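[1] Only the shape, not the letters, is given here:
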């Protein structure tokens, strides 16, 4: 211990090598984080930064949907409600109340959480398809109210003239990127904790969960609140990034988009929907930048989603993960697919798999 | 105003009933929440428009061909897209969303986003209880009533209808009793889309035709089937009339009613769900485990 800095560095490297680099999926996550943080340094193109920032904002939204729909099984068809509530709260707070943008974001989080709790309370007795279809209604009711009071809400044009959160373009990108990293990893931590395990149980069998002494009402409401809070913050970030918020933040199309991202990426993973946004959003923007293809953008998007689903019905990331990792038959830990033996318990991975006939040679 | 409300509500309710019953049928038999349902209604309207204005066919022939073509298309889509992923509920869901988007974008590319008008099949107005009702709206009502009766006859007086109801009731037992549930599901999809296509052809001359015309009725139809109880045909019919009248009352009786039309209808759905979570006529499904 004569050289504490060297010791810490060595320990960090050992951790990195043994915990992150051993698994391809974790390595990919690390590469993704670093790429996200270094993008403005490497390639500060305004157009690219704009697309990347939007991707980050929507990735947060998709991840928040996954906590509610994937983990808790409350398949929400009206997730745009929380996004729009966040965007409008933050926008109206800065414009009508004159609050600082950051305070507006905080207020958006609070209001969105309250909206989430309200929707969750209304939906407590509903399940399955009823819940999906009923939640579809809420953003539309909200839109109707906004249109009915155009003096306050800006009506069909929405509100504009907001200040952005940072002064420079790079700063704005970092607000979106760091916000996304914090929220997504926060959601991931929540979903990976005991709380997430309870949500899994509620989704798979609510009666059994209740019989095991779980207060399912409280957990479902908590899932609604957390998910709505994250979605509301992403909505507020969107409003300040776009410097305005309109009825498009509440559209059915956005709600459907979120569902598509979530299921396309693979539900109940958190990283799945995020991956889906990072694949699909830049792809559609890139396709839209071609002359002539611009009109076909949404069409190509839908066709890609459809075709990919036919081959990977469980979603993109579970399929990829199964290709690059295997599960140890003895200790159930995950291993890189090229390993001969399990990295933790040493059980042979390939021979056993061949014997039980999973991977015939 | 009262007469306006009565007539408009009835006509809209009839159209909604056509759409909602088809949706309900597919949900009951195949457990598919078919988001693309009203997209087929939009396709039928476009098909009808094209046949009527580009070819010299008459109204009846164009309508019949449009309905047949769209029904055929739906069966093809079902076989190619839905059936391969049937076990994965989530995949089916976004497959139908993607189908709806594809149809919307195809029509946008082919016809542009502008509103297309179709000349009325029958001109003139008739005076009913002091309100002048255009013949076209009366025609919609007659078509809706006739088709609903025909659907009822198919469902309750034929062997296919028996199979459909049995499959909706219990898929596994129906399968064990020797019904080909895949074929029944396909027939149900065809019937349901045919109903939507008939609705599309019927309303095309009254409403404008544009690629986004499927979204508003989609939300209304979802509200109706949830209100009436998923899978319940009686519920869909009554729900359609309720929502049709509520919308008519909102539009005619409230200031700024046109904006609030959807909001009020959906609020009623939410209120009903809070009181009766399985809808008005839904059966409280036993916990599936």
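    Great, that's in hand. If you're wondering where the values come from, they're calculated on a predicted model, not measured in any experiment.
[2] give me phi/psi at residue B:180?
    phi -80, psi 90 (degrees, to the nearest 10).
[3] How about residue A:191?
    phi -70, psi -30.
[4] now do residue B:35
    phi -70, psi -30.
[5] list the contacts for the closest residue to it other than its chain neighbours?
    Distances taken as CB to CB, 6 or more residues apart in numbering or on different chains put residue B:96 closest to residue B:35, at 4.3 Å, once the chain neighbours are dropped. Yep, even glycine has a C-beta here, placed from its N, CA and C like the rest. With contacts defined as CB atoms under 8 Å, 6 or more residues apart in numbering or on different chains, residue B:96 is in contact with B:32, B:33, B:34, B:35, B:36, B:37, B:82.
[6] wouldn't the fourth one be in contact with residue B:93 here?
    Yes. Between residue B:35 and residue B:93 there is a contact at 7.3 Å, judged by CB atoms under 8 Å.
[7] Which one's more surrounded, those two?
    residue B:35 (26 against 23; other CB atoms under 10 Å in any protein chain shown).
[8] In strands, which of the contacts of residue B:96 appear?
    Among the contacts of residue B:96, the subset assigned to strands under DSSP state E is empty.
[9] could I get those as TSV with pLDDT?
    Shown next, in TSV, are the contacts of residue B:96 (pLDDT from 0 to 100):
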residue	pLDDT
B:32	86
B:33	87
B:34	90
B:35	90
B:36	93
B:37	94
B:82	90
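[10] which secondary structure elements does the helix or strand where residue A:86 lies contact?
    Following DSSP states H and E, one finds residue A:86 within helix A:80-96. In terms of contacts (3 or more CB pairs under 8 Å, 6 or more residues apart in numbering or on different chains; DSSP states H and E), helix A:80-96 is packed against helix A:101-122, helix A:128-148, helix A:150-153, strand A:159-160, helix A:216-242, strand A:244-245, helix A:252-265.
[11] what about residue A:165, distance to residue B:172?
    56 Å (CB to CB, to the nearest Å).
[12] What's the nearest residue in the stretch 151-300 of chain A when you look at chain B?
    Of all residues in the stretch 151-300 of chain A, the one sitting closest to chain B is residue A:299 (3.6 Å; CB to the nearest CB).
[13] Out of the helices and strands packed on helix A:80-96, point me to the one whose mean pLDDT is lowest.
    Mean pLDDT values for these show the minimum at helix A:150-153, a mean of 82.
[14] Could you report the neighbour count for residue A:285?
    For residue A:285, using other CB under 10 Å, the count is 16.
[15] same check, this time on residue B:173
    Residue neighbour count, defined by other CB under 10 Å, stands at 11 for residue B:173.
[16] tell me which element it falls in.
    helix B:171-176.
[17] downstream neighbour of that helix in the secondary structure list?
    Counting by DSSP H and E, what follows helix B:171-176 is helix B:181-203.
[18] name the helices or strands packed onto that following helix?
    Using 3+ CB pairs under 8 Å, 6+ apart, helix B:181-203 is in contact with helix B:2-30, helix B:37-54, helix B:59-77, helix B:135-157, helix B:159-169, helix B:171-176.
[19] average pLDDT for it?
    93.
[20] After it, which helix or strand is next?
    Next along from helix B:181-203, by DSSP H and E: helix B:215-228.
[21] That next one packs against which elements?
    So helix B:215-228, by 3+ CB pairs under 8 Å, 6+ apart, packs with helix A:128-148, helix A:252-265, helix B:2-30, helix B:37-54, helix B:233-253, helix B:257-275.
[22] any idea how far the helix or strand where the residue nearest to residue B:35 lies is from the chain center?
    Using DSSP H and E, residue B:96 falls within helix B:89-111. From the chain centre to the centre of helix B:89-111 is a distance of 17 Å (CA atoms, centre = their mean, to the nearest Å).
[23] how about it: buried residues?
    B:89-108 (16 or more other CB atoms under 10 Å in any protein chain shown).
[24] Likewise for stretch B:41-53?
    For stretch B:41-53, by 16+ other CB under 10 Å, it's B:41, B:42, B:43, B:44, B:45, B:46, B:47, B:48, B:49, B:51, B:52.
[25] and if you look at stretch A:317-333?
    So, applying 16+ other CB under 10 Å, buried residues of stretch A:317-333: A:317, A:318, A:320, A:321, A:325, A:326, A:328, A:329.
[26] In the stretch 51-200 of chain A, what residue lies closest to chain B?
    Nearest to chain B, among the residues of the stretch 51-200 of chain A, is residue A:144, at 2.8 Å (CB to the nearest CB).
[27] Burial check on that residue, number of neighbours?
    Using other CB under 10 Å, residue A:144 is surrounded by 22 other residues.
[28] and it, what does it touch?
    B:259, B:260, B:261, B:262, B:263, B:264, B:266.
[29] One more: residue A:273?
    Applying CB under 8 Å, 6+ apart, the residues near residue A:273 are A:59, A:62, A:63, A:65, A:66, A:70, A:261, A:262, A:265, A:266, A:267.
[30] need those residues in CSV with distance to residue B:214, can you?
    Listed next are these as CSV, based on distance: CB to CB, whole Å:
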residue, distance to residue B:214
A:59, 29
A:62, 24
A:63, 29
A:65, 23
A:66, 27
A:70, 28
A:261, 21
A:262, 22
A:265, 26
A:266, 28
A:267, 26
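[31] With respect to residue A:342, which of these is nearest?
    Using CB to CB, residue A:266 comes nearest to residue A:342 of the contacts of residue A:273, at 24.2 Å.
[32] Phi first, then psi, for the closest one.
    The phi/psi pair for residue A:266 (degrees, to the nearest 10) is phi 110, psi 120.
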